[in-house]
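> Fold the following for me, if possible:
(chains A and B)
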2 protein chains.
Amino acid sequence: MTGPTKADSAGNPAAQGATTCKVALLGFGTVGSSVAKILCERSNAHLRLTHVLNRNVERKKVDWLPADVRWTENIEDVLASDTEIVVEVMGGLQPSGDWIRRALAAGKSVVTANKQLIAQHGPELTLLAAQKNQQIQFGASVAGGVPVISGLHEGLAGDELFKIQGILNGTCNYILSQIEASGVPFATALREAQKLGFAEADPSEDVEGLDARAKLAILARVGLRCYVAPASILARSIAAVDVVDFEYANQLGCTIRQISWAELTQESKAGSHNATRNDATESDASNDDKIFAAVQPALVELSSPLARVEGSKNMLIATGKYGGETVFGGHGAGGHPTAVAIVSDILGIARARRGECSYSGHPIEKKPSVTNDFSAKHYLRFLVKDRPGIIASLATILAQSGINIDAVVQKPGCPKSHLPFLITLEECKASHVEEALGKINALDFLVQPCLHLPIL
Amino acid sequence: MTGPTKADSAGNPAAQGATTCKVALLGFGTVGSSVAKILCERSNAHLRLTHVLNRNVERKKVDWLPADVRWTENIEDVLASDTEIVVEVMGGLQPSGDWIRRALAAGKSVVTANKQLIAQHGPELTLLAAQKNQQIQFGASVAGGVPVISGLHEGLAGDELFKIQGILNGTCNYILSQIEASGVPFATALREAQKLGFAEADPSEDVEGLDARAKLAILARVGLRCYVAPASILARSIAAVDVVDFEYANQLGCTIRQISWAELTQESKAGSHNATRNDATESDASNDDKIFAAVQPALVELSSPLARVEGSKNMLIATGKYGGETVFGGHGAGGHPTAVAIVSDILGIARARRGECSYSGHPIEKKPSVTNDFSAKHYLRFLVKDRPGIIASLATILAQSGINIDAVVQKPGCPKSHLPFLITLEECKASHVEEALGKINALDFLVQPCLHLPIL
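Purely as a prediction, here's the structure:
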């Protein structure tokens, strides 16, 4: 990369064709290899992988990475190179923390998925990055592929958020969902989760809420602009939740989920516009501000979106003074979703380095032909004057278009002169349905044209 | 604003204290006045409203805006001023389009909520902005306060999205929800929506799908990187959907919603990594690429998040090759939520003008004291050796802590030696529950400590 450039006359960044951003990867486990895969496959993203660092790197080597990628066990190789972005996906506080500090000091930007490190040392690392005119991004540290960090910080920047509540630990959600769905005790559900790779051999980080509270501390910083030490957040285990609790919860119209919850108290909300807040810094923040912060199993109403988060998925609900509730949901873990968050951060840094500060220019990559045809099951609802032979007529026309009937349903007790009934179709092309309806809508027993809807 | 500045030694942008970004507002209806309100209340955001333009501006004047805001009916006043960001919330293609072009030509950045203008002229306006080294942002043009534009373009930039599906028109969703919930016919539900301000006097833009298809065209550009002319998108009316259709849909385990849906076809997905795509420009994009695009009423399974979007809310599900499905949901319309999207865009432009290209620095505004105490209804589940007087003992202790019992529930058919039962509590402080449980857990009839969960 040679320096910032501006957009060209086509609205696409000129830099796209001219410069490539060099990326080094620290850690080549599940997430690291997914990041490498996406970087290789996105040939048009102008990102180039230069180094892969791992312990015992020989056993990690794969044949699908370009031959010029350097495999190493030595961080000095990365620090001494002209690589511009260092991606840390090793986890743990050390040596990750020191290596990130040294990368920033060496004038490299950093992307990390390390929630414990960011929860505990985020402000210090952000400060170091700013001093070096570099960036440190950590979108992958919370909720995997669900873009909650950018959503809170940029998408909802115009609001004044006061509450965040969500399901931030897929392991706990999987275990609780399993207890609910299969009626198995906690220990059995945990063993299943371990067998499927959803839970670690030592599951305490997840089950006791320590993983989720690190994420909650990060979200409180990004979304509520509050510093909260992870250790000050209440964390209660889900291990005591039993099958009988789901039965009781259901009687109450609820289910049970591990909920991470941070909320500014009324007093600090009321005080948010006063003069002292505007002058507040980290050191002199008003002590009247209060934040509630906890990770715990809780009953949630079945009508809440939180009640319907399945398996290992994540969800966050952010509540703001002006915009009300905004929901973000998706895959909170796994190599590929987490790698999406990391590559999104890499692209953001690359954009900034090109002098492209925003999403203003959406480079049009395709101008495809538009089709309105699609394959789906279909719903055909008729309103007819009843007489013998109606189904036979319809079935014949549908068959001529190669369409199979799935079911015929008739609502009882309707007048013969305005009889509604339903035909569902097996998956077929919408154009075939239109073709058949062209003939069907001319039939004289129809009181109104057939209503046809796809079934998604 | 005097020019870009870097972050200071505290990691907060030095510019925050030093520079203010000037903003002019074209249009002072529901959304415009919400934007003005947020700008006034966010005294720490360093944004200053300089002009409010509206027809017959005299009747629009309010007393809660600073006295130095200039009220005008003349666009020349805005264009000739040193205002840096022009916010267009008038709607319509003209004069909005010309005024935006002139603002960009005058070296001002633009924020707009105008979906029809952006759907039809977005690429041209983006190009013009790039030529003038300005930005045009339109986060408010789709899904109101739900940050889908930044979510697709930045949060999910690392993925390769191939499908977007969602509920993008709150009016249709409100009408369909009402038909479902109240069993009223379409015409009645529409009249109710009009009375409540959810639908226009002429509802055809919404009901016929023209509003949603403009939004879908924008999302296809931002998320799928495809140019799709709004007029080429299939739009089917919801007016034919009747009460009986919800009854049938329910029998099929479904409900009915207006669904906006754009999807790259398999062929273009498979071809997304070939060499031609990398060279593709707007003019020579491969014609083998196909995109399906439609706005239509459709049956959606009750288990889908789309089935549970209530009233006038919006939801978008983006599906990517790597990250799977990501969900965004919230308030898709209304003055305040739409204003949040606009102010978020203004802040993004202001950040970029300060030379702060990213969300790296989260300025800590508060370091509040952390409380783990909260008020909620509570769930207490006991496992006891049954004997007379248990409820009396528990009720006495709870009463001593000032806690009211809501209900007592006992599962039938359990052994007397391991009898589970449930007490729910009226809303009370968690600390009071802990205090009571300190005494309760010492009682000798308990087989295990009481499990207590908040009910959210």
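> Setting aside sequence-adjacent positions, which residue approaches the residue nearest the centre of chain A most closely?
For chain A, A:V146 is the residue whose C-alpha lies nearest the centre (CA atoms, centre = their mean; 1.5 Å). Closest residue to A:V146 apart from its sequence neighbours, by CB to CB, 6 or more residues apart in numbering or on different chains: A:G330 at 4.1 Å. All C-beta atoms are positioned from the backbone trio N, CA, C, and that covers glycine.
> So the one you found belongs to a strand, correct?
Yes: judged by DSSP: H, G, I helix; E, B strand; the rest coil, A:G330 forms part of a strand.
> My guess is it contacts A:G166. True?
No: with contact defined as CB atoms under 8 Å, A:G330 does not count as touching A:G166 (11.7 Å).
> residue contacts, the residue nearest to A:V146?
Neighbouring residues of A:G330 by CB atoms under 8 Å, 6 or more residues apart in numbering or on different chains: A:143-146, A:313-314, A:337, B:323-327.
> run the last query once more with 7 Å
A:145-146, A:313-314, B:323-327 (CB atoms under 7 Å, 6 or more residues apart in numbering or on different chains).
> closest point of the stretch 251-400 of chain A to chain B, which residue?
Proximity to chain B, evaluated over the stretch 251-400 of chain A using CB to the nearest CB, is greatest for A:V343 at 2.8 Å.
> Do you know the pLDDT at that residue?
pLDDT recorded at A:V343 is 95.
> Would you check that it makes contact with A:C40?
No: the criterion here is CB atoms under 7 Å, and A:V343 misses it with A:C40 at 11.2 Å.
> Comparing these two, which shows the higher neighbour count?
Legend: neighbour count by other CB atoms under 10 Å in any protein chain shown for A:V343 and A:C40, higher for A:V343 (29 against 16).
> For A:P454, give the beta-bridge partners.
Using DSSP bridges, the beta-bridge partners of A:P454 come out as A:H378.
> Run a quick neighbour tally on it.
By other CB under 10 Å, neighbour count at A:P454 equals 23.
> what sits against it?
By CB under 7 Å, 6+ apart, the neighbours of A:P454 are A:376, A:378, A:430, B:298-299.
> Which two of these have the greatest separation?
Pairwise distances across the contacts of A:P454 peak at 13.5 Å for A:A430 and B:L299 (criterion: CB to CB).
> For these two, work out which one has more neighbours and name it.
B:L299 (26 against 20).
> Find me the pLDDT at the more buried one, would you?
If you check B:L299, the pLDDT there is 93.
> For it, which three-state class applies?
In three-state terms, and counting by three-state DSSP, B:L299 is strand.
> how much space between it and A:L451?
For B:L299, the distance to A:L451 equals 11 Å [CB to CB, to the nearest Å].
> go on, A:G323?
Distance from A:G323 to A:L451, by CB to CB: 36 Å.
> how many neighbours does the residue in the stretch 1-150 of chain A that chain B sits nearest to have?
Across the stretch 1-150 of chain A, no residue is closer to chain B than A:P147, which sits at 2.3 Å (CB to the nearest CB). A:P147 is flanked by 34 other residues according to other CB under 10 Å.
> and it, what does it touch?
A:139, A:328, A:341, A:344, B:151, B:155-156.
> now do 6 Å
Shown in contact with A:P147 (CB atoms under 6 Å, 6 or more residues apart in numbering or on different chains): B:151, B:155-156.
> One more: A:I346?
A:85, A:111.
> Also A:V57?
Taking CB under 6 Å, 6+ apart as the criterion, A:V57 is in contact with A:71, A:73.
> Show the pLDDT at it.
94.
> do A:N372 as well
83.
> Count the neighbours of it for me.
A:N372 has 16 nearby residues by other CB under 10 Å.
> now chain A, which segments are flagged as low pLDDT?
A:1-18, A:43-45, A:266-288, A:355-365 (pLDDT under 70).
> so how far is chain B from A:K215?
Using CB to the nearest CB, to the nearest Å, A:K215 is found at 15 Å from chain B.
> Could you verify that that residue is part of a helix?
Yes: counting by three-state DSSP, A:K215 is located in a helix.
> what is the nearest residue in space to A:C254 that is not next to it in sequence paired to in the beta sheet?
Counting by CB to CB, 6+ apart, A:L299 is the residue found nearest to A:C254 once chain neighbours are left out, at 4.1 Å. Judged by DSSP bridges, the bridge partners of A:L299 are A:I256, B:I455.
> contacting residues for A:L299?
Residues counted as contacts of A:L299 (CB under 6 Å, 6+ apart) are A:249, A:254, A:256, B:379, B:453, B:455.
> hmm, try it at 7 Å
Listed by CB under 7 Å, 6+ apart, the contact set of A:L299 reads A:249, A:252, A:254, A:256, B:379, B:453-456.
> wouldn't A:A333 be in contact with A:G144 here?
Yes: assessed by CB under 7 Å, A:A333 is found in contact with A:G144 at 4.9 Å.
> list residues touching both of those two?
With CB under 7 Å, 6+ apart as the test, A:A333 and A:G144 reach no residue in common.
> Have a look at these two and say which one is more surrounded.
A count of neighbours by other CB under 10 Å puts A:G144 above the other of A:A333 and A:G144, at 32 against 20.
> measure the residue of the stretch 251-400 of chain A closest to chain B to B:G320 for me?
For A:V343 relative to B:G320 (CB to CB), the value is 11 Å.
> just A:K60 next, same as before
From A:K60 to B:G320 the distance is 26 Å (CB to CB).
> which of the two has more neighbours?
The neighbour comparison of A:K60 against B:G320 (other CB under 10 Å) goes to B:G320, with 23 against 17.
> nearest spatial neighbour of the more buried one, skipping sequence neighbours?
Nearest residue to B:G320, sequence neighbours excluded (CB to CB, 6+ apart): B:D159, at 3.3 Å.
> Look at that neighbour and say how many residues are nearby.
28.
> who's in contact with it?
B:D159 makes contact with A:340, B:320-323, according to CB under 7 Å, 6+ apart.
> Using just helix, strand and coil, how would you label it?
coil.
> Help me confirm that A:H51 is found in a helix?
No: A:H51 is assigned strand when assessed by three-state DSSP, not a helix.
> Report the contact partners of it.
Counting by CB under 7 Å, 6+ apart, A:H51 touches A:24-25, A:69-70, A:72, A:77-78, A:81, A:83.
> Quick one: the helices in the stretch 201-350 of chain A, in order.
For the stretch 201-350 of chain A, applying DSSP state H, counting those that start in this stretch gives helices covering A:204-207, A:210-224, A:243-251, A:266-270, A:275-279, A:335-353.
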